[in-house]
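> Please find the sequence and the predicted model below.
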Amino acid sequence: MKFSNQLTVWYLHNKRDLPWRATKNPYYIWLSEIILQQTRVDQGMAYYFKFVEQFPSIFDLAAASEETVLKLWQGLGYYSRARNLHFSAKYVVNELQGEFPSKYKELLNLKGVGDYTASAIASICFNEPTAVVDGNVYRVLSRYFGIDTPINSSNGIKEFKQLAQALINTKIPGTHNQAVMEFGATVCKPQNADCNNCPLNNSCVALSKSIIKTLPVKEKKLKIRKRYFNYLVIKTKNKTTQLVKREKGIWLNMYQFPLVETDKPINQQELIEHSTFNELVDFNTVTIKLHTKSVKPHKLSHQHIYTKFWIIETPNSLKFRHSWSDIKKYPVPVLIDNFLNEFNYN
DNA sequence: GAAGCGTGGCG
DNA sequence: TCGCCAAGCTT
């Protein structure tokens, strides 16, 4: 209980003033938790305000199109969160008469809500004593108790969940959970932990052993896949172009230009020999310019994408129906958005 | 159980 | 520069 009490007292004096801390409305807490998955507060804040403004209630969110939701989510990444958020809003409205689930077990039925998020909503909104275990909690517990079990191993996941659950203050589970996370985010940070100003620095195992920097332990990392994208940016006299919707993998249901993907960099000659190119235009009638001056990788957490944008001017206007002036209405990945911002169509 | 899924900040 | 990491979830 000492652990919880000390952190809770610290939290009540030091917590940041965040907008979602002014409410216990499960819709807003849910929204904030989804936005903050694998995302820093500074990055997610603007999106929280946008969503609350555009969708004040879960009914507003459920009534929107997926494309609208993806467009509002554009730039935040991990777009399955937006698709699942929208799907679950429709589920709550249509199947649960708009009544948000109030129990941990029921919350798990929502797409995009896993153990962490269900615990967070249940404890914060409904006072259910379910412990959250996010990246902060792993770090705080592994250091304070000196546990070197890898946090991404199946044993580690079980061990830390059990420990977190044993430590929870059942009287104020929501405050307790937020206290541990806030402490991890602002004091017991991944780098440069502020042990001098830590309320637990007289009882922290890792500090007493000077092994703060070695904890938490994480097992190996994935290897980065390299991909080579060639986008075909159609340009017509009528200021139209061609967009296509992605149908699998990364950026699902978002828009991009027709894509030629290869496993090595290619030049113009290899491009015009590609079937995708020839299905789109007749190389005898078009002019091709490579827009990209130097290819810099778009770095995702799990792949590096090397992209060339090819500008294809064609006399055939009728086939390409997307007006360039409408292009900003479509949800697109940052890779495409960056291109749109630097490219002058005229 | 491992892999796939974004973007941006930081040292 | 580059690797690490962020209030994780799904398949």
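Perfect, thanks for sending it.

> Grab the nearest non-local neighbour of the residue in the stretch 101-250 of chain A that DNA strand C sits nearest to.
Closest to DNA strand C within the stretch 101-250 of chain A is residue A:114: 2.5 Å, counting by Cβ to the nearest atom of the strand. All C-beta spots, glycine's among them, are computed from the backbone N, C-alpha and C. Leaving aside its chain neighbours, residue A:114 sits nearest to residue A:108 (7.3 Å; criterion: Cβ to Cβ, 6 or more residues apart in numbering).

> neighbours around the one you found, how many?
Other residues near residue A:108 come to 15 when the count uses other Cβ atoms under 10 Å.

> Does it touch residue A:121 like I think?
No - using Cβ atoms under 8 Å, residue A:108 makes no contact with residue A:121, being 10.2 Å away.

> Now do the residue nearest the centre of chain A against DNA strand B, distance only.
Closest to where the C-alpha atoms of chain A average out (Cα atoms, centre = their mean) is residue A:78, at 3.7 Å. Residue A:78 sits 5 Å away from DNA strand B, going by Cβ to the nearest atom of the strand, to the nearest Å.

> Kindly state the pLDDT recorded for that residue?
Looking at residue A:78, its pLDDT reads 97.

> Does it belong to a helix, a strand or coil?
coil (DSSP: H, G, I helix; E, B strand; the rest coil).

> Quick check: which element contains the nearest residue to it once chain neighbours are set aside?
Leaving aside its sequence neighbours, residue A:78 sits nearest to residue A:38 (Cβ to Cβ, 6+ apart; 6.2 Å). Per DSSP states H and E, residue A:38 falls between elements, in no helix or strand.

> ok, residue A:38 touching residue A:44?
No - at 9.9 Å, residue A:38 does not count as touching residue A:44 under the criterion of Cβ under 8 Å.

> Look at those two and report which has more neighbours.
A count of neighbours by other Cβ under 10 Å puts residue A:44 above the other of residue A:38 and residue A:44, at 18 against 11.

> per-residue confidence averaged over the helix or strand hosting that one?
Take DSSP H and E as the rule and residue A:44 turns out to sit in helix A:41-54. Mean per-residue pLDDT for helix A:41-54: 97.

> does DNA strand C sit close to it?
Yes - using Cβ under 7 Å from any atom of the strand, helix A:41-54 comes into contact with DNA strand C via residue A:41.

> Identify the residues contacting that helix?
A:16, A:18-20, A:28, A:31-32, A:35-36, A:60-61, A:64, A:72-73, A:76, A:185 (Cβ atoms under 8 Å, 6 or more residues apart in numbering).

> of the residues you listed, buried ones?
Among the contacts of helix A:41-54, the ones that count as buried by 16 or more other Cβ atoms under 10 Å are A:20, A:28, A:31, A:32, A:35, A:36, A:61, A:64, A:72, A:73, A:76, A:185.

> Those residues in helices, which ones?
Judged by DSSP state H, the buried ones among the contacts of helix A:41-54 include A:28, A:31, A:32, A:35, A:61, A:72, A:73, A:185 as members of helices.

> State the pair within those that is farthest apart.
A:61 and A:185 (27.0 Å; Cβ to Cβ).

> Contact partners for residue A:340?
Counted by Cβ under 8 Å, 6+ apart, residue A:340 has contacts A:327, A:328, A:332.

> May I have the secondary structure class of it?
From three-state DSSP, the assignment for residue A:340 is helix.

> same question, residue A:232
Per three-state DSSP, residue A:232 ends up strand.

> Show me what from the stretch 51-200 of chain A comes close to DNA strand B.
So the stretch 51-200 of chain A meets DNA strand B at A:75, A:76, A:77, A:78, A:79, A:80, A:154, A:191, A:192 (Cβ under 7 Å from any atom of the strand).

> I'd like to know which of the contacts of residue A:340 are buried.
A:327, A:332.

> Show me the contacts of residue A:340 that map onto strands.
Using DSSP state E, the subset of the contacts of residue A:340 located in strands is empty.

> burial of residue A:186, as a residue count?
So residue A:186, with other Cβ under 10 Å, has 16 neighbours.

> so who does it touch?
A:14, A:16, A:194.
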